[in-house]
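Student: can't give you the sequence, but here's the structure:
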Ligand code: SF4
Ligand code: SF4
């Protein structure tokens, strides 16, 4: 899923300061699961904004609504009646959702309430890590199902570098596991270490974002 | 001969090679280079010119290499994958060759987090193994990575690094082999402090016959103080600093002198290891000590080559 985190309150206060009537729009998908922009977080953020405004003696009307998914036009229609007459929409979706709202409401400024971080998942309650870099040409079959692009600090395809120590990455030994130690351990368990002895050629990054913004056209699915 | 490198000539003649390191200045000042080069001239066979090491901005490697060529030294141009994509790398390799640079050392590079621009975007279009392969292709096949022909190829003696003390230990010799298969002609290892572990690693290297396929130069670093050693132990990942070394420095009346002594002893020990073809003396910001170390370790005078 896409993992995001709410922006600092200070930034959000500054962002909303010029407006008197806003819509705080949540998303029921990934950001609900990672506790950043679902219904609950919409409630919390709206209350915080109202409290701050009261302190400053400036009126604020904060409408609230969470749709099932902000990244699909079908679902954001629900926001139409609530968006009527607001001066800005504060989207609590990932960057994708924010853009869908911006497209749908050409006359209303749409601002992001979250910082979209990565594609990943939880390791335990309250902790998420990055798993995939969306390189467009998956090589997990060669690396034991552990992604070196997203999880090695240097995206090495022929790791590990010399900074791997006790399973940790030199970049931040407290917080980052060395992806290549994980890959090595897993390949060893699978009895497939010989794959790691092969040289992986440089990646064709044209499949990734480096090739320009990407688009998928599925002729069979196009109506 | 794969190149016109003096280092290659010395190694292929079976002579014990000595290399050192020269960090370009954090300024446009050539005086720093002149000063460091003066310490190293006629004391070592070739000098690594480090590429924005620890991700701190320094003078362009190509320029620094060219400057030391003019001073009569042979440079080993270090190139890291952190700051260049394959286009910039190949362009720089052509330019390096045109400037008379005949040796390269291919590295993945320190992460920008450790440097003075941690906000920078890194590149890592390729890794060090892939860079080695690309330099070899340019030299031996006269082709760019994409396959386009190169009329006048860069004739580089190709170097790589390996850290015998990094994890997973049992994979380290395999990784050396990968680099040899990719095209590495010589290696400079991470600084050796734990000689026993280094010997174990060399056993694994010899078991695979790798010491016959590439020249291995053992890295050594003279330590200035127990504090410096402790810092390395705690802050530099994969350094393998034994406590005994730190203790020795603590107990010594003159830590600097002891540091040099340890360094010389290390050279004498690694020299005896089968498969070690030379030493790489990394006297970081202490280049002035290299002549004394080389002298004490019996590495002088350096052999001449034709
Ligand atoms: S190899 Fe590419 S697609 Fe596969 S997990 Fe890694 S970044 Fe994602
Ligand atoms: S220590 Fe491991 S994860 Fe970190 S950069 Fe090196 S190989 Fe990658």
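Tutor: Cool, got the structure. Keep in mind it's a predicted model, so treat the numbers as computed, not measured. Ligands and ions are numbered 1, 2, ... in the order given.
Student: so residue B:15 touches residue B:303, yeah?
Tutor: Yes - counting by CB atoms under 8 Å, residue B:15 touches residue B:303, with 5.1 Å between them. Any C-beta I mention is one placed from the backbone N, CA and C, and that applies to glycine too.
Student: Please tell me how far residue A:65 sits from residue A:86.
Tutor: Look at residue A:65 and residue A:86: by CB to CB, to the nearest Å, they are 11 Å apart.
Student: Now do the shared contacts for those two.
Tutor: Listed as contacting both residue A:65 and residue A:86 by CB atoms under 8 Å, 6 or more residues apart in numbering or on different chains are residue A:23.
Student: quick one, what contacts residue A:22?
Tutor: Neighbouring residues of residue A:22 by CB under 8 Å, 6+ apart: A:16, A:49, A:60-63, A:86-90.
Student: Could you check the pLDDT of the closest residue to chain B within chain A?
Tutor: Closest contact between chain A and chain B, by CB to the nearest CB, is at residue A:162 (3.0 Å). What the model reports for residue A:162 is a pLDDT of 93.
Student: how would you label it: helix, strand or coil?
Tutor: Residue A:162 carries the three-state label coil when classified by DSSP: H, G, I helix; E, B strand; the rest coil.
Student: number of nearby residues for it?
Tutor: Other residues within reach of residue A:162, judged by other CB atoms under 10 Å in any protein chain shown, total 26.
Student: Excluding chain neighbours, what is closest to it?
Tutor: Leaving aside its chain neighbours, residue A:162 sits nearest to residue B:163 (3.0 Å; criterion: CB to CB, 6 or more residues apart in numbering or on different chains).
Student: same thing with residue B:106?
Tutor: In space, and not counting its chain neighbours, residue B:106 is closest to residue B:131: 4.3 Å by CB to CB, 6+ apart.
Student: Check residue B:126 too.
Tutor: residue A:202 (4.7 Å).
Student: re the thing from before, OK, contacts around the residue nearest to residue B:106?
Tutor: Going by CB under 8 Å, 6+ apart, residue B:131 touches B:79, B:81, B:89, B:106.
Student: about what we covered before: look at residue A:65 and residue A:86 and report which has more neighbours.
Tutor: Using other CB under 10 Å as the criterion, residue A:65 and residue A:86 rank with residue A:86 on top: 22 against 16.
Student: Would you quantify the distance from the more buried one to residue A:80?
Tutor: 11 Å.
Student: before we move on, what about residue A:26?
Tutor: 16 Å.
Student: Name the residue in the two with the higher neighbour count.
Tutor: A side-by-side neighbour count of residue A:26 and residue A:80, using other CB under 10 Å, places residue A:26 first with 27 against 10.
Student: ok, that one touching residue A:36?
Tutor: No - contact criterion CB under 8 Å: residue A:26 and residue A:36 do not qualify, at 9.6 Å.
Student: Need the residues touching each of the two.
Tutor: With CB under 8 Å, 6+ apart, residue A:26 and residue A:36 have common neighbours residue A:92.
Student: Can you name the two of the contacts of residue B:131 that sit furthest apart?
Tutor: Distance extremes for the contacts of residue B:131: the farthest pair is B:89 and B:106 at 9.2 Å, using CB to CB.
Student: For chain A, just list every one of the helices.
Tutor: Residue ranges of the helices in chain A, as given by DSSP state H, are A:9-16, A:30-33, A:39-56, A:73-76, A:80-83, A:95-104, A:148-151, A:179-189, A:193-197.
Student: ok, residues contacting the longest one?
Tutor: Surrounding helix A:39-56, the residues in contact under the criterion CB under 8 Å, 6+ apart are A:6, A:9, A:12-13, A:16, A:22, A:24-26, A:28, A:31-32, A:35, A:59-60, A:62, A:64-66, A:90, A:92, A:113.
Student: can you pull the contacts of the nearest residue to residue A:172 once chain neighbours are set aside?
Tutor: Closest residue to residue A:172 apart from its sequence neighbours, by CB to CB, 6+ apart: residue B:113 at 7.5 Å. The contact partners of residue B:113, taken as CB under 8 Å, 6+ apart, are A:153, A:171-172, B:55.
Student: 10 Å instead?
Tutor: Residue B:113 makes contact with A:153, A:170-172, B:55, B:119-120, B:122, according to CB atoms under 10 Å, 6 or more residues apart in numbering or on different chains.
Student: Would you point out the most distant pair within the residues you listed?
Tutor: Based on CB to CB, the longest span within those runs between A:170 and B:119 and measures 18.8 Å.
Student: okay, those two: which has more neighbours?
Tutor: Legend: neighbour count by other CB under 10 Å for residue A:170 and residue B:119, higher for residue A:170 (24 against 6).
Student: In contact with the closest residue to that one other than its chain neighbours, which residues?
Tutor: Spatial nearest neighbour of residue A:170, chain neighbours left out: residue A:163 (2.9 Å); criterion: CB to CB, 6+ apart. By CB under 10 Å, 6+ apart, the contact list for residue A:163 reads A:153-154, A:169-171, A:173, A:178, B:108, B:110-111, B:114, B:163, B:166-167, B:190, B:236-239.
Student: backbone phi and psi for residue A:163, please?
Tutor: Reported as degrees, to the nearest 10, the phi and psi values for residue A:163 are phi -100, psi 10.
Student: follow-up on the earlier one: of the contacts of residue A:22 - the most surrounded one?
Tutor: Most surrounded of the contacts of residue A:22: other CB under 10 Å gives residue A:90, at 30 neighbours.
Student: And that one, how far from residue B:184?
Tutor: On the measure of CB to CB, residue A:90 and residue B:184 end up 55 Å apart.
Student: got it, and residue A:181?
Tutor: Between residue A:181 and residue B:184 the distance is 23 Å, computed by CB to CB.
Student: Between the two, tell me which one has more neighbours.
Tutor: Neighbours per residue (other CB under 10 Å) separate residue A:181 from residue B:184, with residue B:184 holding more: 27 against 23.
Student: Make sure the more buried one is actually in contact with residue B:107.
Tutor: No - using CB atoms under 10 Å, residue B:184 is not in contact with residue B:107, being 11.4 Å away.
Student: Which parts of the stretch 201-306 of chain B are helices?
Tutor: Along the stretch 201-306 of chain B, the stretches classed as helices by DSSP state H, counting those that start in this stretch are B:226-235, B:243-251, B:255-272, B:290-296.
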